[in-house]
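> Have a look at this fold, sequence not included:
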Ligand code: PLP
């Protein structure tokens, strides 16, 4: 069951007019929220980021947080899996094609849910391969915009190379992955690039830094150079659907000793413990 503009229906019945500005211009924003045991994880933080994205494209929020919560509860209840991945999507609505904002148009609101599948055990056991590429996206990567063509092309480069993610480099520094945030471990220190307009402020990224602080894991939030990425002991990828994963090959070369390292093992365990605590509470 999905939600579209006030109605709940099977996805096969959902219809969007071709003049929707999401379809014509990619003029909209979205969120992806993981659900464990039918409870949304870090809902307040995801709704806060949705607001930031809406502010960034100057579109007023069609719902209060309470209304979003109710809509999401109904979608969660209307779908089979206990663990789900919620997708929320808001566009500037349907209007005659013109770049400038239309007046008096209702935004399009769409919510769907897919089963949330745990990353394959093998990926966690041996790590995954990634490639690097130049970050050729726009300068508002902090907005979770539905216009994802650069991300689509960058991630396909990884798939074409038999890898699962593309680590993006801009002017000698790492920004993030095509669909994830990236951490680097150097000299035993967890390094995270600072949140700014060049990367999406990841919800999982925040959880990892909170866990690092709470558990006295040495960490620094600062710019990470391409050299540090290429000579890293470990590289970690984070996202709501992939959680924390070790990148053990970069551009065909081993990262560290080519196996998931101690920092990954520790953070992954802490993340799983944290999830269980939050979900029980
Ligand atoms: N960066 C980009 C470009 C993403 O698309 C995503 C998520 O899909 C992330 C980072 C990770 O964000 P989160 O941890 O909130 O899922």
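That came through fine. Quick caveat, the model's predicted, so the values are computed rather than measured. Numbers count the residues shown, from 1 in each chain.
> make it CA atoms for all contacts and neighbour counts henceforth
Will do.
> so who does residue 67 touch?
Residues near residue 67 by CA atoms under 8 Å, 6 or more residues apart in numbering: none.
> Check which residues of the one helix or strand it maps to are buried.
Per DSSP states H and E, residue 67 falls inside helix 65-77. Buried residues in helix 65-77, counted by 16 or more other CA atoms under 10 Å: 69, 71-72, 75-76.
> Make JSON lines out of those residues and add distance to residue 147.
JSON lines is the format used below for the buried residues of helix 65-77 (distance: CA to CA, whole Å):
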{"residue": "69", "distance to residue 147": "25"}
{"residue": "71", "distance to residue 147": "24"}
{"residue": "72", "distance to residue 147": "23"}
{"residue": "75", "distance to residue 147": "24"}
{"residue": "76", "distance to residue 147": "26"}
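> Strands of the stretch 1-150 of the chain, start to end?
2-4, 7-9, 28-36, 39-40, 84-91, 108-115, 128-134 (DSSP state E, counting those that start in this stretch).
> Dump those to JSON lines, plus distance to residue 177.
Below are these laid out as JSON lines (distance: least, CA to CA, whole Å):
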{"stretch": "strand 2-4", "distance to residue 177": "29"}
{"stretch": "strand 7-9", "distance to residue 177": "34"}
{"stretch": "strand 28-36", "distance to residue 177": "16"}
{"stretch": "strand 39-40", "distance to residue 177": "24"}
{"stretch": "strand 84-91", "distance to residue 177": "20"}
{"stretch": "strand 108-115", "distance to residue 177": "22"}
{"stretch": "strand 128-134", "distance to residue 177": "9"}
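> Contacts only, for the closest residue to residue 52 other than its chain neighbours.
Closest residue to residue 52 apart from its sequence neighbours, by CA to CA, 6 or more residues apart in numbering: residue 143 at 7.2 Å. Neighbour list for residue 143: 29, 52-53, 56, 200 [criterion: CA under 8 Å, 6+ apart].
> The ligand next: which of these are close?
residue 200 (CA under 6 Å from any ligand atom).
> ok, so of the contacts of residue 143, who is nearest the ligand?
residue 200 (4.7 Å; CA to the nearest ligand atom).
> That closest one: neighbour count?
22 (other CA atoms under 10 Å).
> and the spatially most central residue of the chain, how far is that from residue 99?
Taking CA atoms, centre = their mean, the centroid of the chain lies closest to residue 239, which sits 4.8 Å from it. To residue 99, residue 239 is 32 Å away according to CA to CA, to the nearest Å.
> and what of residue 198?
Taking CA to CA, one finds residue 198 at 24 Å from residue 99.
> which residues does residue 32 contact?
With contact taken as CA under 8 Å, 6+ apart, residue 32 is in contact with 46, 85-88, 240.
> Starting from residue 208, give me the distance back to it.
18 Å.
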